[in-house]
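*Asks:* Output the structure for:
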Amino acid sequence: MFVPVFRRDHAFRLPRFQDSTTSPEEPEATLPEYGDVYALGMQSAHEVNGWVGEGVDAAGRIIRALEKYPPTSRDGEWDVYGPYDDSETGLSWRIRISGDEQGSNFEVAVGSSKSDMKEVLTGSVDIDGDVRYGTFSMDFDVVEEFELKAGPDVDRTYQGRVDIRFERNVDTELKVVEIDYENFEVTQEYPIKEYFSADSYAFRRNDKGAGAFHLDIVSTFQAQVWSGPERERMTIDLEWNDDGAGVGAGRMLQLEDEGDLAYGDIYLDECFDEHGYFVWRQLNEPYAGAYAEYNSGDPALCPELGDDELPGFTRG
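*Replies:* Predicted structure coming up:
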């Protein structure tokens, strides 16, 4: 199943080796390189914003397809489809839809019987001229109760709730994706013990292209050489101007009475140009001393950021 979270195998990768070319005229010409904070933040935004967009499109297609058929019953303004029995899983499913092509609400419920249904997914999709906006909420306690998992998720245990808000303008750069996590946790005991939780996610970009990104998670990062099986908190923050140049800050912080980072908390700051290539980066001590030549660039090249007003979710 698709889980609206930051991928657990992502983390700061230190040291990062630069590609280079040599020639008689230039003995060592270094190719441009994305900063670790920039790459991590933008990859996460690409993945999360991508499946949110796919979810919006899929919900629209399902609503349009169901509306071609007569509902099983009606409940006030709601068209009710089902409950339908799934012979493979032994579960029953029900979908409720209200609204029209310009704006629809939907509810998806599942249960072990038609008389015992629980909502697993609710949401809305609306169209206002060039603007598309809406909300999604998924209850992972219900996902876990009825084992609505597949693939590698089968070995993971989920709990909590995820609430998503989105807005985009199809004719401009404007896009907003906000995610709130309510007691959301993912744990795994086999084949490796893992933990993951998330507090917040936000991507905001205005009509001209200036924007900001924020991610806040707690996880184990034992796949990295500088961490073990204990949990740490990681935050990623990016801010950029209309041209795409900006600044980034990454933090890996040990939790109280917990954490096993090699040299304590990690602080990584970057500036990047309009292509995303870093022009300056700085890692705190003693990591900077342990990874020689990682700190590089010139802070004077950091771009100026204006007081651009960034959008928030204000609809619905």
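*Asks:* May I have the beta-bridge partners of Asn105?
*Replies:* Beta bridges link Asn105 to Ser98, Ser124 when assigned by DSSP bridges.
*Asks:* for the one 4 residues further on, same thing?
*Replies:* Residues in a beta bridge with Ala109, per DSSP bridges, are Arg94, Glu119.
*Asks:* Give the burial count for it, as a bare number.
*Replies:* Ala109 has 19 neighbouring residues, counting by other CB atoms under 10 Å. The way it works is simple: take the backbone N, C-alpha and C, and place the C-beta from them, glycine included.
*Asks:* ok, His275 - contacts?
*Replies:* By CB atoms under 8 Å, 6 or more residues apart in numbering, His275 lies in contact with Pro32, Gly244.
*Asks:* What strand or helix carries it?
*Replies:* Counting by DSSP states H and E, no helix or strand carries His275.
*Asks:* Which residue lies nearest the spatial centre of this protein?
*Replies:* Residue closest to the average C-alpha location in the chain (CA atoms, centre = their mean): Val48, at 3.9 Å.
*Asks:* end to end, how far does stretch 199-214 reach?
*Replies:* Using CA to CA, to the nearest Å, the span of stretch 199-214 from its first residue to its last is 11 Å.
*Asks:* which parts of it are buried?
*Replies:* 199, 201-206, 209-214 (16 or more other CB atoms under 10 Å).
*Asks:* Return the mean pLDDT over it, rounded to an integer.
*Replies:* Taken as a whole, stretch 199-214 has an average pLDDT of 95.
*Asks:* Could you do stretch 239-247 as well?
*Replies:* For stretch 239-247, the mean pLDDT works out to 95.
*Asks:* got it, and stretch 283-302?
*Replies:* In this model, stretch 283-302 has a mean pLDDT of 93.
*Asks:* got the contact list for it?
*Replies:* 14-16, 226, 247, 262-263, 265-268, 271, 273, 278-282.
*Asks:* Distance from that stretch to the middle of the chain?
*Replies:* 28 Å (CA atoms, centre = their mean, to the nearest Å).
*Asks:* Contact partners for Val37?
*Replies:* Applying CB under 8 Å, 6+ apart to Val37 gives the contacts Phe12, Ile236, Leu238, Gly248, Ala249, Gly250, Leu268, Asp269, Glu270, Arg281.
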